[in-house]
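Visitor: Quick one, fold the following:
(2 chains, ligands or ions: 1)
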Amino acid sequence: MPKISRRSFMRGSAAGAGGLLSLQYCQSSLAEMVEKAAQPYRKSENLYRQKWTWDRVVRGTHGTNCAGTCAFNIYVKNGIVWREEQQGMYEASGDTPDYGPRGCQKGLRHAKYMYGKQRVLYPMKRIGERGAGKWERITWDQATREIAERFLHHSVESGPSTISFGSGTQMGTKLASAAAHARFCNITGVTVPEFFSGVGDLPTGSYITLGQVYTGDTMASIYKARCVLIWMANPAVTRIPDAHFFWEAKYNGTEIITIAPDFNATAMHSSLWVNPKPGTDTALAMAIVHVLLDENLYDEEYIKEQSDMPFLVRMDTMEMLRAEHLNILDMLAVKDNVFYMWDEATQSIVQAPGTGMSDPPIGRDRRKWESIALGDIRPALEGRWTVDTLDGEVEVTTVFELLKQRAAEHKPEDMAKICGVHENVIRRIAHEVAKAKPMMIYTGYAATKWLHGDILQRAMLLILSLTGSIGIEGGGLQFGNAPKARGITGYAFAGVGAALRIISATQWDYEHGNMRELNERIYGKELAKEFDDAYWYSVGKKYFPDYGKSGWKMGIFAGNNGANWRASGTRWRDTAFGQLDSIVTLTPDMSVTAHYSDYVLPIAHHYERADMVLQARTPYLHVLDRAVHPLGDSVDDFIAFGRILKAVSELAEEKGTAAFQDDVDGNTIRRDPRRYYKLYTMNGRVRDTREICQFIINTTPGIPKMSFKELTSKGIIRLEGSESTAWEDNASPYHSEIFESVKDKRPYETLTGRQQFYVDHEWFLKYDEALPNHKDPLSNKGFPLRMMMGHARHGIHSMWRDDPFLLSLQRGEPDIYINPDDAVARDVKDGDVVKVFNDAGRFFVQAHVSSSMQPGMIFMYHGWDPMMFRGRENFSSVISTGGLIKPTTMAGDYGHLGHQPLKFAPNQTFKDFTCDFALATVEEIEELAA
Amino acid sequence: MSEDPHSPDKAPEASRTEPSRSRNSQDTAEPRALVYAIFSKITSSPFDTQQDQLEAVFSEQSAKVLEEVQPQLPFDVEFTTLGQRIREVADRNLEGLSREYSSLFEVGNEGPAAPLRAELIRVNASKMKEEIVRFYDFFSYDLKDDISWSPDHIAVLLEFMQVLCMKEAAAETDEERESFARAQLDFLDRHIVSWLPITITRLIEQKHEGFYTHVMTKLWEFLEQDRIWNGDTMPRVEQES
Ligand code: SF4
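Guide: Numbers count the residues shown, from 1 in each chain, chains lettered A, B, ... in the order given. Below you'll find the predicted structure:
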């Protein structure tokens, strides 16, 4: 090889080496690189003399449903995110402490996590058996072409309802991505088994009582409360950026009482910790109600006006007295929504104001015209009267009287035996809540995951109502909230109309997983039959749709780790998910759902996408700006689904696939796969999520009007109508009608137009649930320990759960908390591997012996992906509740009760099971390792 | 005015000891650059490489270049079998190669079986990545946007070594040559040989006997030799305390 000089090299080398010397990764050519002057290098310290500067600092947050939402500056250099730093420009609501600084350890790890080994960087196709973990990288073209083949085939041959679209809770918070998902589903007609009820998060009790599911204000509202019951929630762990409001309120004189069976991180900071036995909370709540009623510690004027407590009930049928009971014309007109009170002023029955208009939701307009103001009426709360009805003379009384009777069945001394809380403590809580106004119950999603979680929530609302605390700032049931982001549905339906097929994931799984059989095995034939009969009766009556009848062929999972969180997950994997013809997962990170998929498509992570996040805990809209190009071949959801639909449309064109008719809830929709892509992009006008963001900004009330670009420069923007800590202003994107009911006397969106505590639907009467009533949770026969779960400190569901640094702050692997006495009884020591088991399944996990647990319970933070467990089985294998659809949650033909996606639907049960644990044997561990 | 002990003017004197072997950059740098270039291209993802470039790399010609360059290296590494393997691949369908590459190095349930990105192996990944970027910035090696997220990929690291070698080959003064040579040794030490054996061990553990195991073991052989040679040909600089 000749000696070279700069010039001879430049002439000869490229040709000499057949182009092998050309640079593949450098923006400059080799010749340019060689020519570039360089500083002298002596040792690595030289590198550090150069000042490290950022190419740009971008505004961002984490588009996940942590409910926190914290503004970050994202620091970028050379196309890499190096770190994030909290932005600190939050203000306060009135005289409360401000919302900043915001952040948590997960968010502060993200710049590292996004480059981790769990990251899905390329489209992957399975090359072995499903679940064998063997993959090859393929191109987007190949992936979308092959997925399109399957998608088109199932759409045309079996109907689009046989394709499910699982979106995730984290996707719901990213407005543009959620809108893109919704548009995809709306255009194609795929079934959307919605996750809200699917994960047991639906606040059915709240909906039954208030006609609303979203009853959460900003976290600053906590500071306005005089007493807070933190009940089935652990905000010190789950609301890291906002938990300070509890402690600030405490130092400001607010009584903070934590009600939890374990001594959790929140309990240790509270004024009082009350630890009922797991699953007995309704007994405790109703005992508190008893004290309030027995000692006349209730707000009489409030309940007379705002609740159904003065409404009359027939003693013969236990139905509420209605117009149809009183005269023939009203009976013929089925006037079942006019209710009565006893007016002490006139000593006669009077129609309750605000009743008698058309039922919600069709008649929502009645809120504008009607009033529940009592005027001259002086409703009686107590008494018995005789009323002339079409059935003759009938004795009537008030809901309040019945409530007192019901409460009398829950005396503190009796309930103490059930819930394990001393009667004096129960009385003390009742006295605290009675003297404090406003009074708040801060509750979590754990409350809704019990079979009778609806009753617990109704009982909680009863306490709040009796103390006059619903609908006032600093009071009420603080649960969760969702924006009235009309821009999302507006975008999804623009130019195509509404043709979404939404079903509760619980219902979907019940049918596809043959969960009746599971119920029979675990809870007995009688219960299984009863629940199943109610299910099919409801479907037969068309109270709820039955999208399950045409089968399930293909599953698309986007931001949804369904194979992780499903109740009875192992069974679901075997009987439903695993039987699918095609499974496609779109995800930024590997998960068990991806693991069992046929195709896995790489999705951009938080700092690689342009979007907006809106969560009710702060009065701000947060921007998620694209700091760097998505890693590898990943793209955001909008692009990903665009690519799939483009392939579908091209394929349909090639094959000459004709448009077909699709029946959605009795409406015939014309679907033309050749036009899907055009419809999705609005004829090519929408090319980027930034444009969707702009659409949403422009069309969503409460979001200040500005360009998305301006928003990206600001990072956060204060929402309109957010001066109060409560969402009481009509101008805000969250405004809650409950405040209008209290302030402006507008009817509630319930059948009675009131806070409705008495439900005289035949099923509620049959199951003795017309009024709240403690019922024991279900158990697995022969298994003594109740397993409780909760959101984790170190992950948001399965996200970040596998981060090595965060794992180093825990035990490095999934662990389960057990009481020392229970451990000793089973010869288990801290750190041992135990087998947790019952008649549904088993899983193996590290024992974490802790006296924070009461005997008879075990506790596990949720979100651990099965991939992190020995044998790829997590807690869901022992959660035997997958088929427990409570009949009353499928009630219909009763005012506001009936199919209302995301409001009233069968809610998944996760808590009504028991299990046991034992030291894992060497053979078992070896078997799992093999 | 008191003296600033940190003033650069007051830096201690350095003394130099001559290297044990002669470096002769004019003869050695370009062949070494060529080997780095070939290994960079072979370890690149076939998915991210243009078809014509792929065909150029997996060709009779590149096998020949490798064989021809072998005697020009200042140390002994045998490339005949690798050349033979490249010829075999060239005769085969390159699709199989992509599949082998991706299932070993790019995709997997818990990340790739044998990562080619230092970040997935090294403990203090962020610090390490920062220093790599500092190296690139120092020598104005500007990565293309689509790979900028992964400056620690072996193919990029090797391409950077190629650039340093070429700069050494084209350098006009001893000082320049020494600068590029030192950078090579440090970069090799700190950012390639520090983790690559783990990947190779994982390949061996997988009992994978395909093309890429051969490539990686051959690459390691070359890197080890190059590192020893780099050390032997570098003047030792000792700071006088
Ligand atoms: S994960 Fe949520 S709570 Fe944590 S820093 Fe990010 S936005 Fe805030």
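
Visitor: Check which helix or strand residue A:676 maps to.
Guide: helix A:676-680 (DSSP states H and E).

Visitor: That helix packs against which elements?
Guide: helix A:175-188, helix A:637-655 (3 or more Cβ pairs under 8 Å, 6 or more residues apart in numbering or on different chains; DSSP states H and E). The C-beta positions use only the backbone N, C-alpha and C, and glycine is treated the same way.

Visitor: May I have it as PDB, with CA atoms only?
Guide: Taking Å, rounded to 0.1, in the frame of the first residue of the first chain, the C-alpha atoms of helix A:676-680 are listed here in PDB:
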ATOM      1  CA  TYR A 676     -59.700   4.300   5.500                       C
ATOM      2  CA  TYR A 677     -56.400   6.000   5.200                       C
ATOM      3  CA  LYS A 678     -57.900   9.100   3.500                       C
ATOM      4  CA  LEU A 679     -60.500   9.300   6.200                       C
ATOM      5  CA  TYR A 680     -57.900   8.900   8.900                       C
END
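
Visitor: pLDDT (mean, whole number) over that helix?
Guide: For helix A:676-680, mean pLDDT rounds to 98.

Visitor: May I see the buried residues of that helix?
Guide: A:676-677, A:679-680 (16 or more other Cβ atoms under 10 Å in any protein chain shown).

Visitor: which is the next helix or strand following it?
Guide: Assigned by DSSP H and E, the successor of helix A:676-680 is helix A:689-699.

Visitor: what number of residues lie near residue A:414?
Guide: Neighbour count of residue A:414, defined by other Cβ atoms under 10 Å in any protein chain shown: 16.

Visitor: Assign it to helix, strand or coil.
Guide: Three-state call for residue A:414 (DSSP: H, G, I helix; E, B strand; the rest coil): helix.

Visitor: Could you look over the helices and strands packed on helix A:676-680 and pick the most buried one?
Guide: Compared across those, helix A:175-188 shows the largest average neighbour count, a mean of 27 (mean count of other Cβ atoms under 10 Å in any protein chain shown).

Visitor: contacting residues around residue A:87?
Guide: A:59, A:70-73, A:100, A:715-716 (Cβ atoms under 8 Å, 6 or more residues apart in numbering or on different chains).

Visitor: Select, from those residues, the two members most distant in space.
Guide: A:59 and A:100 (14.6 Å; Cβ to Cβ).

Visitor: which two in the buried residues of helix A:676-680 are spaced the farthest apart?
Guide: Top of the distance list for these (Cβ to Cβ): A:677 and A:679, 7.3 Å.

Visitor: pull the CA atoms of stretch B:99-109 into CSV?
Guide: Extracted in CSV, the C-alpha atoms of stretch B:99-109 (Å, rounded to 0.1, in the frame of the first residue of the first chain):
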residue,chain,number,x,y,z
ARG,B,99,-32.5,-12.3,10.4
GLU,B,100,-29.4,-13.6,12.1
TYR,B,101,-28.3,-10.1,12.9
SER,B,102,-31.6,-8.9,14.2
SER,B,103,-32.3,-11.9,16.4
LEU,B,104,-28.9,-11.7,18.0
PHE,B,105,-28.2,-8.1,18.3
GLU,B,106,-31.4,-6.1,17.9
VAL,B,107,-34.5,-7.7,19.3
GLY,B,108,-35.4,-9.9,22.2
ASN,B,109,-37.7,-10.2,25.1
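
Visitor: That one close to chain A?
Guide: Yes. On the criterion Cβ under 8 Å from any Cβ of the partner chain, stretch B:99-109 is in touch with chain A at B:99, B:102-103, B:106-109.

Visitor: Nearest approach to residue A:862 belongs to which of the helices and strands packed on helix A:676-680?
Guide: If we rank those by Cβ to Cβ, the stretch that ends up nearest is helix A:175-188, at 22.9 Å.

Visitor: what about residue A:809, neighbour count?
Guide: 11.

Visitor: can you tell me how far the closest residue to it other than its chain neighbours sits from residue A:209?
Guide: Closest residue in space to residue A:809, ignoring its immediate chain neighbours: residue A:794 at 6.4 Å, by Cβ to Cβ, 6 or more residues apart in numbering or on different chains. Distance from residue A:794 to residue A:209, counting by Cβ to Cβ, to the nearest Å: 35 Å.

Visitor: which of these two has more neighbours?
Guide: Shown here are residue A:794 and residue A:209; by other Cβ under 10 Å, residue A:209 has more neighbours (31 against 20).
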